[in-house]
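Undergrad: Structure for this input, please:
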Amino acid sequence: MTMSAGWYLRRLSRMGPREVGGRVGDAVRRRRWRSAPPDCPSVTGARFTAVLPAGAIAAVPPDAAKRLIAEADRLMAGHAEYFGVDRDDMVNPDWWYDPKTGRRAPWGYAFDVPYRNEDAVGDIKQIWEPSRHQYLTVLAAAYAITGNERYAERVAEHLRLWWAANAPLRGVHWVSGIELGIRLLSWVWIRRLLDGWPGAAGLFEDNPVALNQIWHHQRWLAAFPSRGSSANNHVIAEAAGQFAAACAFGWFPASARWRAGALRSLERQLRGNTFHSGLNRELATEYHGLVLELGLAAMAEADAADVPVPASLRLVLLRMTDALAAIVDNRLRPPRQGDADDGHGLIVDGAGTDRWGSLLATGDAVFGRLDWWPAVTGTDVRTPLLAALIRPYSKNGTAPAVTRPASRPSHLADAGMTILRGPEEIWCRCDGGPHGFLSIAAHAHADALSIEVRHDGVDVLADPGTYCYHGQPEWREYFRSTLGHNTLQLDGGDQSASGGPFLWTRHAGSRVLVADTSDTSDGGTARWCAEHDGYQGSVHRRRVELTAAAEELRVVDEVRGPRRDMRLAFHLGPAITADLAENRAVLTWTRDGEDRSAVLDLPGQLRWRAHRGESDPPLGWYSAGFGRKEPSTTLVGTGFADGAEGFTTVLRFRG
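TA: Below is the predicted model of the structure:
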């Protein structure tokens, strides 16, 4: 995808004067940096001291270690999977090659690389992901647990190959700050996990090539922070990576300055990116996870280096952890709201490890779990390693006393997220919050008043996900469209106006009118009602009631305004089979070997049709992860909204 002149004008229109000035300064600096980059200052006597405390590796649970080693052995055999594409070249990877398109990114000055143009570069996510070096943190962790030097030797071989092939400011891996930040964090953990290996110092602190790379990464991040309307999860990754490196690799004349600047940015941006309730302001759940991982990793480096951090930083991470515990379903799955690209801050675990259970386990170790938190039964490698470095909140002298929720929050008002819970593990997320974060709302979807419904962790009414970012505009448009969510569409348009793949030029405004999330354990009813003004000239209002005694969810949609064409969509999860007859659909699925079912009675005023796996235009798809999609059933009702009556949908679960 090549951005047009119109896109650049629309993007410019969403910037304030300060951001414009900063970006002009960045452009001037990029021109100056085109000449040969400066040499890294001379470093003598560097030593790595941010090691794991004794006993940290021994605390890793055996089953978590087993999963990790299985993953490491798969990598040693050359196999990896990135965004739905299997790779078998990881013994000797080509750092600029995209196996999805078969294209190879061009060489040259970094800021000349047209990384958004898939025809010229390939799928940039496929190229960037291996060079975050998180597969190398897995191999390094396997060495730390087993002592087998073949893992360490492979890590060293690949780092040396990467450093030789990716000179500072040359090529596609020097374009994006989030990539540099996460890569630095990976290098810190690689050095830490290889500490028992005799070649560790020769690979890092005694290696002029490594020192040059570390220095240039930090110089880049100090010069080109994400600004203004782009100051979302990217700026947090940049600050966290720079802070981690300046703490653990504090060997350079500028290290103290870089460390202080990164800490100021990290604290300010974590506060700015987080609602008081603890939810991430991007309202994209996977980015909540990414930011929380980055924040915890940064806090680990601060405590390992005995660097004081503002109490507010720890407090934000505490609130983020409590918020995560509040919103997950009974299987520890959080909402599938907004964009998701499978990004992680730190990976030291094997396949099959539950990301969200891991974060809650770390939260328990660092902050202490509350009585209402869901139980975490899985294990992971990362928690005991982070917990060995981070001082527990209750024992931290700078941590302020804080009042944490006495019971499980179900309405996070500032984020507009409401969770209705019923018997038989019925879970329903209702969306009445802001469209997204900052003026461009880069990772938002046009999903105002949408709902997600699960039964014992199975997606029944599903958020279809994200699937892609670059290169496939029709799919990017579909997965973030209003029609691509469980909500109502008028006149074939979206509630918010898109200006491009990461740009919204008009944001629907939503407000929650009722959020009665009373305890339904005695058979009562929980209620939610909200409305939005995204359809100019009309207001869409939705009421949702979850009645525990009947195991029934009732959704009533009303449109106030002139007569307009409408479509009402309900997206079923991939495990759901639907038998549609007129306006009734019988839903069936299997969970843990048991047959389950429900009946979905749809508004009779509309004409209903089932869609599955359609491509022209896209409709009837579910994306379980970035780069992956599979057919699923979408029920779409068409008709007219004239303000005269509501449209009632009833979902009844059968025992």
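Undergrad: those helices in the stretch 401-550 of the chain, which residues are they?
TA: For the stretch 401-550 of the chain, helices defined by DSSP state H, counting those that start in this stretch occupy the ranges 473-479.
Undergrad: For it, give me the ranges with low pLDDT.
TA: Where the stretch 401-550 of the chain drops to pLDDT under 70, the residues are 424, 521.
Undergrad: In the chain, where's the longest helix?
TA: The longest helix of the chain (DSSP state H) is helix 285-304.
Undergrad: Next, count neighbours for the residue nearest to Thr525 when sequence neighbours are not counted.
TA: Residue nearest to Thr525 in three dimensions, not counting chain neighbours: Thr547, with 4.6 Å by Cβ to Cβ, 6 or more residues apart in numbering. Glycine gets a C-beta too; all of them are placed from N, C-alpha and C. Using other Cβ atoms under 10 Å, Thr547 is surrounded by 18 other residues.
Undergrad: who are the neighbours in contact with Thr547?
TA: Contacts for Thr547 (Cβ atoms under 8 Å, 6 or more residues apart in numbering) come out as Gly422, Thr520, Gly523, Gly524, Thr525, Leu553, Arg554.
Undergrad: Just the buried ones from these?
TA: Neighbour counting over the contacts of Thr547 (16 or more other Cβ atoms under 10 Å) leaves Gly422, Thr520, Thr525, Leu553, Arg554 as the buried ones.
Undergrad: tell me the contacts of the first one?
TA: So the one you mean is Gly422. Cys428, Thr520, Ala526, Leu546, Thr547, Ala548, Glu551, Leu553.
Undergrad: Now distance to Leu75 too, for these, in a markdown table please.
TA: What follows is these, written out as a markdown table (distance: Cβ to Cβ, whole Å):
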| residue | distance to Leu75 |
| --- | --- |
| Cys428 | 40 |
| Thr520 | 46 |
| Ala526 | 46 |
| Leu546 | 45 |
| Thr547 | 50 |
| Ala548 | 47 |
| Glu551 | 46 |
| Leu553 | 44 |
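Undergrad: Looking at these, which are in strands?
TA: Using DSSP state E, the subset of the contacts of Gly422 located in strands is Cys428, Ala526, Leu546, Thr547, Leu553.
Undergrad: which one of the residues you listed is nearest Asp595?
TA: Leu553 (20.2 Å; Cβ to Cβ).
Undergrad: Out of the buried ones among the contacts of Thr547, give me the two with the largest separation.
TA: Farthest pair in those, by Cβ to Cβ: Thr520 and Arg554, 13.4 Å.
Undergrad: Can you check which residues contact both of these two?
TA: If you check Thr520 and Arg554 against Cβ under 8 Å, 6+ apart, the residues they both contact are Leu546, Thr547.
Undergrad: Could you list the low-pLDDT ranges of this structure?
TA: 1-3, 7, 395-400, 424, 521, 655.
Undergrad: Quick check: Trp372 touching Ser410?
TA: No. Trp372 is beyond contact range of Ser410, at 10.6 Å (criterion: Cβ atoms under 8 Å).
Undergrad: Just give me the neighbour total for the closest residue in space to Ala231 that isn't next to it in sequence.
TA: Excluding its sequence neighbours, the residue lying closest to Ala231 (Cβ to Cβ, 6+ apart) is Gln269, at 6.2 Å. Burial of Gln269 is recorded as 23 neighbouring residues (other Cβ under 10 Å).
Undergrad: From Leu294, how far out is Gln269?
TA: According to Cβ to Cβ, to the nearest Å, Gln269 stands 10 Å off from Leu294.
Undergrad: shared neighbours of those two, which are they?
TA: Both Gln269 and Leu294 are in contact with Ile236, where contact means Cβ under 8 Å, 6+ apart.
Undergrad: In which helix or strand does Val18 reside?
TA: For residue 18 the amino acid is Arg, not Val. helix 17-32 (DSSP states H and E).
Undergrad: Kindly provide the distance from the nearest residue to His507 once chain neighbours are set aside to Arg612.
TA: Leaving aside its chain neighbours, His507 sits nearest to His435 (3.8 Å; criterion: Cβ to Cβ, 6+ apart). Using Cβ to Cβ, His435 is found at 29 Å from Arg612.
Undergrad: which one of the two has more residues nearby?
TA: His435 (22 against 13).
Undergrad: In this structure that one contacts His443, no?
TA: No. If you go by Cβ under 8 Å, His435 and His443 don't touch, sitting 10.8 Å apart.
Undergrad: Please report the number of neighbouring residues for Trp187.
TA: Neighbours around Trp187, by other Cβ under 10 Å: 26.
Undergrad: And Ala401, by the same measure?
TA: Neighbours of Ala401 (other Cβ under 10 Å): 4.
Undergrad: before we move on, what about the one 5 residues further on?
TA: A total of 9 residues lie near Ala406 under the criterion other Cβ under 10 Å.
Undergrad: Can you read off the backbone torsions of it?
TA: Taking degrees, to the nearest 10, you get phi -80, psi -30 for the backbone angles of Ala406.
Undergrad: Which of the helices or strands spans Pro384?
TA: helix 382-389.
Undergrad: Repeat that for Leu600.
TA: strand 594-601.
Undergrad: Need the buried ones among the contacts of Thr547 in a markdown table (columns: distance to Ala361).
TA: Compiled in a markdown table, the buried ones among the contacts of Thr547 are given as follows (distance: Cβ to Cβ, whole Å):
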| residue | distance to Ala361 |
| --- | --- |
| Gly422 | 27 |
| Thr520 | 28 |
| Thr525 | 34 |
| Leu553 | 32 |
| Arg554 | 37 |
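Undergrad: and which of the residues you listed is nearest Leu635?
TA: Leu553 (14.9 Å).
Undergrad: pretty sure Gln91 contacts Leu75?
TA: Actually, residue 91 is Val rather than Gln. No. Val91 lies out of contact with Leu75 (Cβ under 8 Å); the separation is 9.0 Å.
Undergrad: Once you drop chain neighbours, what's closest to Pro434?
TA: Gly416 (6.4 Å).
Undergrad: Can you tell me how far that neighbour is from Gly181?
TA: 29 Å.
Undergrad: who has more neighbours, these two?
TA: Taking other Cβ under 10 Å, Gly416 and Gly181 do not tie; Gly181 has more neighbours (31 against 24).
Undergrad: Chain neighbours aside, what residue packs nearest to Met566?
TA: Ala641 (4.2 Å).
Undergrad: Can you get me a residue count around that neighbour?
TA: 29.
Undergrad: That one pairs with what?
TA: Arg564 (DSSP bridges).
Undergrad: And the one 10 residues further on, by the same measure?
TA: In this structure, Leu651 has beta-bridge partners Leu553, Leu600, where bridges are defined by DSSP bridges.
Undergrad: does it really touch His455, like I thought?
TA: No. Using Cβ under 8 Å, Leu651 makes no contact with His455, being 9.6 Å away.
Undergrad: list residues touching both of those two?
TA: Ala598.
Undergrad: doesn't Tyr622 make contact with Gly573?
TA: Yes. When contacts are counted by Cβ under 8 Å, Gly573 is listed as touching Tyr622 (6.6 Å).
Undergrad: Neighbour count for the two, which is higher?
TA: Tyr622 (26 against 23).
Undergrad: so who does the more buried one touch?
TA: Asp459, Ala462, Pro464, Gly465, His571, Gly573, Pro574, Lys629, Glu630, Pro631, Ser632.
Undergrad: hang on, the earlier thing: buried residues, the strand holding Leu600. List them.
TA: For strand 594-601, by 16+ other Cβ under 10 Å, it's Arg596, Ala598, Leu600.
Undergrad: Same list (those residues) but as TSV, adding distance to Ala256.
TA: Formatted as TSV, these follow (distance: Cβ to Cβ, whole Å):
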residue	distance to Ala256
Arg596	59
Ala598	60
Leu600	61
